[in-house]
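Undergrad: What shape does this take:
(chains A and B)
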Amino acid sequence: MEVRKNFFATSTGIIGVGLIIGVLAALLQKWGNPGNMGICVACFERDIAGSLGLHRADVVQYLRPEILGFVLGAFLAALFFGEFKPRSGSAPLARFVLGMCAMIGALVFLGCPWRAVLRLAGGDGNAIFGLAGLAAGVGIGTVFYRSGYTLGRTSKYGYGIGILMPILIVGLLVLRLIDQPLAGEAKSGVLFYSIKGPGSQYAPLVISIAVGLLVGFVAQRSRFCTMGALRDLILFRHWHLFSGMLALLAAAWVTNLVVGQFHPGFAGQPVAHTQSLWNFSGMVVAGLAFALAGGCPGRQLFMSGEGDGDAAIFVLGMITGAAFAHNFGLASSPAGVGPNGVAAVVISLLACLFIGYTNIQRENA
Amino acid sequence: MAEIVDARGLSCPQPVLMAMSMMKELGEGQIEVMVDNEVSRENVTRAATGQGWEIAEVRQEADDYRIILKKQ
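TA: This next block holds a predicted model:
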């Protein structure tokens, strides 16, 4: 049988997708999303946890439609191009714990790898420490892979398993449509909303969904992954995915310059703190967790749309991690790390190292 | 006779690592890499080309791909 060519998987394709995401992310800020947070998978999943009442940090509660669009856009792309393949069963509990650790680390830095790049593109110098930490964490992950680390093979399942995550996401979308935000109200129906802080800043619903769907679609086709970008560069000296990440940075930076959103400096950056050691360390944990789970938080969403139940478990782990991060004082704020943030970084790092070390197999079979 | 690398059910970077390990071990010859998804197919063929191996054939077999790599 002839194998179909995929334009988006070419060098031009991945760079094009990086440019699209960079421009749209910067514009989402212009259209209402928080500063240097046009797209942040970790922050947005944290906001979703807040909107569902899984944590009650009242400044970060909003059922972010971009995340829903990511999954559904990837689902549609996978269906259309014959890549919807329900699969699961590769150490789901380990992936859940890795998702929790990734979120806890990301919330110490205050952003996922996507936002780390967007923060840099907006002039936030603190992002340099986060990106360095991300590279270090992914680098540690590659050492495990070289040593024979694996979470084992997946099994194939029927469509009913693969479609569960997209159905769950449609359910959330229906909730968002029914329980619309009410001016000055902290609750609408069953959903919680922020009336101040980052959770109260969002682009119009239709724009957020449209951008989410588009990004989900093209990212599924191109396999865009910020963790994979660093991993492939470190492990194989492959620049393919990294070129997409650089394109995102360049496009967001230029767009920020054009629309007046570029403000270089360290202090007073939006939704950021200046504690460099913890910006670095938080992302070491996140980078290692993403590497061990095989994808950045965006890629995990796209894979969950393709029918990957293990990626869906990772996403649910991240949302659960966000709830713990805010309920237990692990997440940072612009004032600095949370009261228990340092302990959380240490424990999460140990958990990742444990999962890495105990899943090394001598034979790659 | 071709060496066979069965990377079905595994996600990247493992299929690429397994294929590259075999390419390094053999130096030249023929390798058949079996994967079960498009992403691994793209990544393995991209990595093999980068290592100077020829993609002799990619066969789709039900839900799987058999990638035949050659180097003289």
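Undergrad: From here on, just use CA atoms for contacts and neighbour counts.
TA: Fine.
Undergrad: ok, the residue of chain B found nearest chain A - contacts?
TA: Nearest to chain A, among the residues of chain B, is residue B:9, at 4.5 Å (CA to the nearest CA). Contacts for residue B:9 were tallied using CA atoms under 8 Å, 6 or more residues apart in numbering or on different chains; they are A:152-155, B:35-36.
Undergrad: Give me the distance between it and residue A:153.
TA: Noted for residue B:9: a distance of 4 Å to residue A:153, by CA to CA, to the nearest Å.
Undergrad: ok so, going back, now do the SS call for the residue of chain B closest to chain A.
TA: coil (DSSP: H, G, I helix; E, B strand; the rest coil).
Undergrad: Which stretches in chain A count as strands?
TA: A:87-88, A:155-156, A:187-188, A:191-192 (DSSP state E).
Undergrad: Need those in CSV (columns: mean neighbour count and distance to residue A:177).
TA: CSV is the format used below for the strands of chain A (neighbours: other CA atoms under 10 Å in any protein chain shown; distance: least, CA to CA, whole Å):
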stretch, mean neighbour count, distance to residue A:177
strand A:87-88, 22, 30
strand A:155-156, 16, 34
strand A:187-188, 17, 11
strand A:191-192, 24, 11
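Undergrad: And those strands: which comes nearest chain B?
TA: strand A:155-156 (6.6 Å).
Undergrad: nearest to residue B:70, of the strands of chain A?
TA: strand A:155-156 (29.5 Å; CA to CA).
Undergrad: What is that closest one packed up against?
TA: Judged by 3 or more CA pairs under 8 Å, 6 or more residues apart in numbering or on different chains; DSSP states H and E, strand A:155-156 is in contact with strand A:87-88.
Undergrad: about what we covered before: dump the strands of chain A to JSON lines, plus mean pLDDT.
TA: Shown next, in JSON lines, are the strands of chain A (pLDDT from 0 to 100):
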{"stretch": "strand A:87-88", "mean pLDDT": "97"}
{"stretch": "strand A:155-156", "mean pLDDT": "96"}
{"stretch": "strand A:187-188", "mean pLDDT": "98"}
{"stretch": "strand A:191-192", "mean pLDDT": "98"}
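Undergrad: thinking again about what came up before, specify which member of the contacts of residue B:9 is nearest to residue A:66.
TA: Distances from residue A:66 to the contacts of residue B:9, taken by CA to CA, are shortest for residue A:154, at 28.1 Å.
Undergrad: Pull the CA coordinates from stretch A:46-57 and hand them back as PDB.
TA: Output in PDB follows, covering the C-alpha atoms of stretch A:46-57 (Å, rounded to 0.1, in the frame of the first residue of the first chain):
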ATOM      1  CA  ARG A  46      -4.400  25.000  35.800                       C
ATOM      2  CA  ASP A  47      -7.200  27.500  35.000                       C
ATOM      3  CA  ILE A  48      -9.400  24.700  33.900                       C
ATOM      4  CA  ALA A  49      -8.800  22.900  37.200                       C
ATOM      5  CA  GLY A  50      -9.800  26.100  38.900                       C
ATOM      6  CA  SER A  51     -12.900  26.600  36.800                       C
ATOM      7  CA  LEU A  52     -14.100  23.100  37.800                       C
ATOM      8  CA  GLY A  53     -13.400  23.800  41.500                       C
ATOM      9  CA  LEU A  54     -10.600  21.300  41.800                       C
ATOM     10  CA  HIS A  55      -8.600  24.200  43.400                       C
ATOM     11  CA  ARG A  56     -10.000  27.500  44.700                       C
ATOM     12  CA  ALA A  57      -7.300  30.000  43.900                       C
END
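Undergrad: residue contacts, residue 64?
TA: Assuming you mean chain A. Counted by CA under 8 Å, 6+ apart, residue A:64 has contacts A:44-45, A:47-48, A:208.
Undergrad: um, chain B though
TA: B:8, B:34-37.
Undergrad: Chain neighbours aside, what residue packs nearest to residue 44?
TA: Using chain A here. Nearest residue to residue A:44, sequence neighbours excluded (CA to CA, 6 or more residues apart in numbering or on different chains): residue A:64, at 5.8 Å.
Undergrad: meant chain B, my bad for not saying
TA: residue B:16 is the one closest to residue B:44 (CA to CA, 6+ apart), at 5.2 Å.
Undergrad: any idea how far residue B:22 is from the one you found?
TA: Taking CA to CA, one finds residue B:16 at 10 Å from residue B:22.
Undergrad: In terms of neighbours, single out the busier of those two.
TA: residue B:16 (24 against 17; other CA atoms under 10 Å in any protein chain shown).
Undergrad: my guess is residue B:19 contacts residue B:45, does it?
TA: No. Taking contacts as CA atoms under 8 Å, residue B:19 lies outside contact range of residue B:45: 9.6 Å.
Undergrad: Phi and psi next, for residue 62.
TA: Picking chain A for this. Dihedral pair for residue A:62: phi -160, psi 130, per degrees, to the nearest 10.
Undergrad: right, and it touches residue A:192 too?
TA: Yes. Using CA under 8 Å, residue A:62 is in contact with residue A:192, at 7.0 Å.
Undergrad: which neighbours do these two share?
TA: Common neighbours of residue A:62 and residue A:192 (CA under 8 Å, 6+ apart) are A:50-51.
Undergrad: what ranges do the helices span in chain B?
TA: B:14-26, B:38-50 (DSSP state H).
Undergrad: Now tabulate these in CSV and tack on mean pLDDT and distance to residue A:76.
TA: Formatted as CSV, those follow (pLDDT from 0 to 100; distance: least, CA to CA, whole Å):
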stretch, mean pLDDT, distance to residue A:76
helix B:14-26, 95, 26
helix B:38-50, 94, 16
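Undergrad: Dump the ones you listed into JSON lines; add distance to residue A:288 as well.
TA: Shown next, in JSON lines, are the helices of chain B (distance: least, CA to CA, whole Å):
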{"stretch": "helix B:14-26", "distance to residue A:288": "16"}
{"stretch": "helix B:38-50", "distance to residue A:288": "21"}
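Undergrad: Show me the shaky parts of the stretch 251-365 of chain A.
TA: A:363-365 (pLDDT under 70).
Undergrad: What's the PyMOL line that selects buried ones from the contacts of residue B:9?
TA: Selecting the buried subset of those in PyMOL, with 16 or more other CA atoms under 10 Å in any protein chain shown as the burial test, is done by:
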select buried, (chain A and resi 152+153+154) or (chain B and resi 35+36)
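Undergrad: closest to residue A:359 among the contacts of residue B:9?
TA: Distances from residue A:359 to these, taken by CA to CA, are shortest for residue A:152, at 8.7 Å.
Undergrad: In this structure the closest one contacts residue B:12, no?
TA: No. Residue A:152 is beyond contact range of residue B:12, at 11.8 Å (criterion: CA under 8 Å).
Undergrad: Kindly report the residues of the stretch 201-350 of chain A close to chain B.
TA: Residues of the stretch 201-350 of chain A lying close to chain B (CA under 8 Å from any CA of the partner chain) are A:223, A:232, A:294.
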